[in-house]
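Peer 1: what's the 3D shape of this:
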Amino acid sequence: MVITQTSGKIRGTPPFPDIPQVLTDTISDYHLFVNWPTGILEFGKADKIQIYPNPSNGIITVEGNMIKERGVLVVYDVIGKQVRSLQLTGEVKQDINLSDLPSGMYSCYFTLPSGIFTQKLFIR
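Peer 2: From the prediction side, this is the model:
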């Protein structure tokens, strides 16, 4: 998104041409209102990917019908640095060792043929 000043107004241009522009009150307000959806589509319990235990000591189990599709699990730390990339074996339940990672919050991105799914993971 590009933020510009126009006649005392802030105008934002989304990166997508089919989404309308965004307008806020005045520059002194420092508010930016975005009018496109943000969020992740929620799937039914049968399709949901689960990571447990969470919080964990680094040894986790990943389970769900969707990971049978064979894909990739990429783990990012809180600053967005990729710390791990693993090929999923195509089994419904898989044990993964992340115990060498320092304590903290991580984002787990599952890239599968049906889409990209995210989960938060806390390692203590």
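Peer 1: residues near the closest residue to residue 56 other than its chain neighbours, how many?
Peer 2: Nearest-residue entry for residue 56: residue 123, 5.7 Å, with adjacent residues in sequence omitted and distances by C-beta to C-beta, 6 or more residues apart in numbering. Using the backbone N, CA and C atoms, a C-beta is placed for each residue, glycine as well. As a burial measure, residue 123 scores 21 neighbours (other C-beta atoms under 10 Å).
Peer 1: what segments of this protein are strands?
Peer 2: 2-6, 9-13, 22-23, 50-52, 59-63, 72-76, 82-87, 93-97, 104-112, 115-123 (DSSP state E).
Peer 1: could I get those strands as JSON lines with mean pLDDT?
Peer 2: JSON lines is the format used below for the strands of the chain (pLDDT from 0 to 100):
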{"stretch": "strand 2-6", "mean pLDDT": "47"}
{"stretch": "strand 9-13", "mean pLDDT": "50"}
{"stretch": "strand 22-23", "mean pLDDT": "44"}
{"stretch": "strand 50-52", "mean pLDDT": "92"}
{"stretch": "strand 59-63", "mean pLDDT": "94"}
{"stretch": "strand 72-76", "mean pLDDT": "94"}
{"stretch": "strand 82-87", "mean pLDDT": "95"}
{"stretch": "strand 93-97", "mean pLDDT": "94"}
{"stretch": "strand 104-112", "mean pLDDT": "93"}
{"stretch": "strand 115-123", "mean pLDDT": "91"}
